[in-house]
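Novice: A structural model of the following input is requested.
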Amino acid sequence: MKATLSTNYRALSTEISRLTSELEDLRTQAATGKKLNAPSDDPAAIRPVLSARSQISSTDRFIESISTAVDRLDNQDTYLDTVENLLVSAKEKAINAINGTLSDADLETLATSIGYIKEQMISLGNSQVGGQYIFSGFLEDTQAFVADGDFVSYQGDNNIKRLEASPGEYIQTNLAGSEVFQGLKDVDGDGTLDQVGENIFDMLTNLEYAMRGYSGQDVQLYDGSGNPVEVRHIPELTDLLGTLESSADQVRSARGRMGNNAERLETSKSHLESVRIDLEGILSRYEDADIVDVITEITQTETAFKGALQVTSQVSELSILDYL
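Specialist: Numbers count the residues shown, from 1 in each chain. Got it, this is the predicted structure:
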């Protein structure tokens with residue numbers, strides 16, 4: 001009889017330990033909402049869980065990079081919209097200047113306003129986002145354009161940034177200021193910039209001189225120190241109208257390209273966000289606990305635990321005197 005009681009007691013103690021451990025696990029699940037809190041909880045689930053977590057982390061990095069790029073493209077488009085509006089304003093002033101009813105004083109006033117437009121254009125070329133010059137290529141800490149008398153020089157480089165919006169897909173996210181504002185681009189890849197468009201700064205300089213009465217004449221241009229640099233033939237005002245329009249088209253084209261790129265990035269972002277939701281679903285399937293089921297199991301386990309304690313208590317009170 002003594003051996004039987006000892007065996008029963010050990011069995012009950014083992015059962016109580018098991019129920020205690022199970023209750024602890026269930027209460028942890030209820031507190032955390034997770035059924036997988038340690039590798040030992042479900043060894044077979046560890047590999048898919050780690051894989052899902054890794055993919056979610058990678059997807060988050062893609063989404064963050066795309067969001068930053070889209071914000072920069074939106075800011076860039078806002079600045080280019082202002083550039084386009086300034087060119088429209090300059091064209092309106094040029095049309096007014098062609099009107100033969102204006103006095104010399106009126107033309108001088110218009111010329112001065114073109115000078116202001118040029119200053120605004122330089123300022124827009126030096127636009128920054130987050131303290132970085134957006135039209136300086138890779139040289140984001142370098143001011144893109146510097147005015148020197150009648151001339152404006154580009155200080156950035158012509159490198160193009162491309163963002164990996166999704167594995168293997170790279171999308172252009174910047175514009176070199178030399179291309180947008182000066183019409184320069186390396187067309188054949190030989191490292192030399194070719195004049196493929198309008199130099200907006202030179203065009204505005206020509207327009208200002210034309211309004212001051214130098215149309216069709218050769219004019220000496222100077223640097224910021226007053227040194228003669230170049231003798232330039234100033235076009236007629238009517239010819240400059242065409243240059244103004246092609247300059248505006250140049251900016252519109254750049255805006256259109258980058259607008260398409262922004263749309264592609266938004267599409268990639270939406271796709272990645274959908275992928276992330278799917279990955280979260282996979283992770284949830286392995287990790288998340290069903291709280292209703294957990295609470296039900298806690299109640300059942302507590303009942304079994306109380307029963308085991310009661311039986312153990314009764315067994316421990318038995319002695320040989322009960323059988324005499």
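Novice: secondary structure element holding Leu50?
Specialist: Taking DSSP states H and E as the definition, one finds Leu50 inside helix 46-98.
Novice: my bad, should have said Glu164
Specialist: Per DSSP H and E: Glu164 is located in strand 162-166.
Novice: roughly how far out does the helix or strand just after that strand sit from the chain middle?
Specialist: Next helix or strand after strand 162-166 toward the C-terminus (DSSP H and E): strand 169-172. Relative to its parent chain, strand 169-172 has a centroid offset of 13 Å by CA atoms, centre = their mean, to the nearest Å.
Novice: how near is the spatially most central residue of the chain to Tyr209?
Specialist: Nearest residue to the geometric centre of the chain (CA atoms, centre = their mean): Thr68, 1.6 Å. From Thr68 over to Tyr209 the distance is 42 Å, taken as CB to CB, to the nearest Å. Placement of C-beta: from N, CA and C, glycine included.
Novice: the closest residue to Ser246 other than its chain neighbours: neighbouring residues, count only.
Specialist: Spatial nearest neighbour of Ser246, chain neighbours left out: Glu198 (5.4 Å); criterion: CB to CB, 6 or more residues apart in numbering. Residues lying near Glu198 (other CB atoms under 10 Å) number 22.
Novice: how about Asp223: what's its closest non-neighbour residue?
Specialist: Gly149 (4.2 Å).
Novice: just checking, that neighbour touches Gly224?
Specialist: Yes. Counting by CB atoms under 8 Å, Gly224 is a contact partner of Gly149 at 4.3 Å.
Novice: so these two - more neighbours on which side?
Specialist: Legend: neighbour count by other CB under 10 Å for Gly149 and Gly224, higher for Gly149 (15 against 11).
Novice: residues contacting the more buried one?
Specialist: Going by CB atoms under 8 Å, 6 or more residues apart in numbering, Gly149 touches Leu221, Tyr222, Asp223, Gly224, Ser225, Gly226, Val229.
Novice: now, among those residues, which is nearest to Leu240?
Specialist: Leu221 (16.2 Å; CB to CB).
Novice: helix, strand, or coil at the closest one?
Specialist: At Leu221, secondary structure determined by DSSP: H, G, I helix; E, B strand; the rest coil is strand.
Novice: near it, how many other residues are there?
Specialist: 16.
Novice: how far away is it from Ala90?
Specialist: Relative to Ala90, and taking CB to CB, Leu221 is found at 19 Å.
Novice: pretty sure Lys185 sits against Leu175.
Specialist: No. Using CB under 8 Å, Lys185 is not in contact with Leu175, being 10.6 Å away.
Novice: who has more neighbours out of the two?
Specialist: In this view Lys185 and Leu175 are compared by other CB under 10 Å, and Leu175 has more residues nearby, 22 against 16.
Novice: quick check: closest non-adjacent residue to the more buried one.
Specialist: In space, and not counting its chain neighbours, Leu175 is closest to Ala254: 5.6 Å by CB to CB, 6+ apart.
Novice: dump the residue contacts of that neighbour.
Specialist: Residues near Ala254 by CB under 8 Å, 6+ apart: Leu80, Leu175, Glu179, Val180.
Novice: how does it look with 7 Å?
Specialist: Ala254 sits next to Leu80, Leu175, Val180 when contact means CB atoms under 7 Å, 6 or more residues apart in numbering.
Novice: ok, the second one - contacts?
Specialist: This points to Leu175. Gln76, Phe135, Ala254, Met258.
Novice: would TSV of the residues you listed with secondary structure and distance to Met121 be doable?
Specialist: Shown next, in TSV, are these (DSSP: H, G, I helix; E, B strand; the rest coil; distance: CB to CB, whole Å):
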residue	secondary structure	distance to Met121
Gln76	helix	15
Phe135	coil	11
Ala254	helix	14
Met258	helix	18
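Novice: which of those residues sits closest to Ser274?
Specialist: Closest approach to Ser274 among the contacts of Leu175 (CB to CB): Met258, at 24.8 Å.
Novice: neighbours of that closest one, how many?
Specialist: Neighbour number of Met258 under other CB under 10 Å is 22.
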